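Novice: my questions concern the predicted model and sequence given below.
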Amino acid sequence: MRYYSVHAPDDEPDSPERYAFVKDGFSWPALLVPILWILWHRLWLTLLYYVVFLLVVAWTARLLGDWAATVLGAIGLIVFALEANNIRRLSLESRGWREVGSSFGRNLEEAEARFFGAGAEATVASRKEAVIARAAYMPGQRPQAADEPIFGLFPEPER
């Protein structure tokens, strides 16, 4: 399952066709074709940083050799692919978009169906309930000290 954060523009918060779903985690397109990925998402400042990175790699190749430039380029691409979706989130935030919720699914279509099927407020509320349900004890239902077995060297469970 993939986790997606959902962002809406401030100028049209009630138009769900403009919502942006940003996947959490590694981005394969950002690793394989980084310039196209940057242009597709219109990340102009990121494009400038990427060009500067390419110039640094070329400069490294001149000074230290091809092997060092290859290692630097590979590490840089992997780090960029790991952080690409976070860069996209920050870019949306700086453009005035706000995060309205989150969703999950096997792919983007399933995440959209889950998000819009339950509504944004219900999705956020159900995620909070799911986190509480996964907790060791429900709120207000903590067992008494005498009910719990004691493990370890200390006889008091309050410590």
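Specialist: Received the coordinates, thanks.
Novice: quick one, strands of the chain?
Specialist: 2-9, 20-23, 97-105 (DSSP state E).
Novice: what packs against the first one?
Specialist: Looking back up the chat, that one is strand 2-9. strand 20-23, helix 66-94, strand 97-105, helix 108-118 (3 or more CB pairs under 8 Å, 6 or more residues apart in numbering; DSSP states H and E). No exception for glycine: its C-beta is placed from N, CA and C like everyone else's.
Novice: repeat that for 6 Å
Specialist: strand 20-23, strand 97-105 (3 or more CB pairs under 6 Å, 6 or more residues apart in numbering; DSSP states H and E).
Novice: that strand versus strand 97-105: what angle between them?
Specialist: 150 degrees (axes from the mean of the first three to the mean of the last three CA atoms, to 10 degrees).
Novice: now strand 2-9: average pLDDT?
Specialist: Strand 2-9 comes out with an average pLDDT of 93.
Novice: tell me, what residue is most central in the chain?
Specialist: In the chain, the centroid-proximal residue (CA atoms, centre = their mean) is D24; its distance is 2.9 Å.
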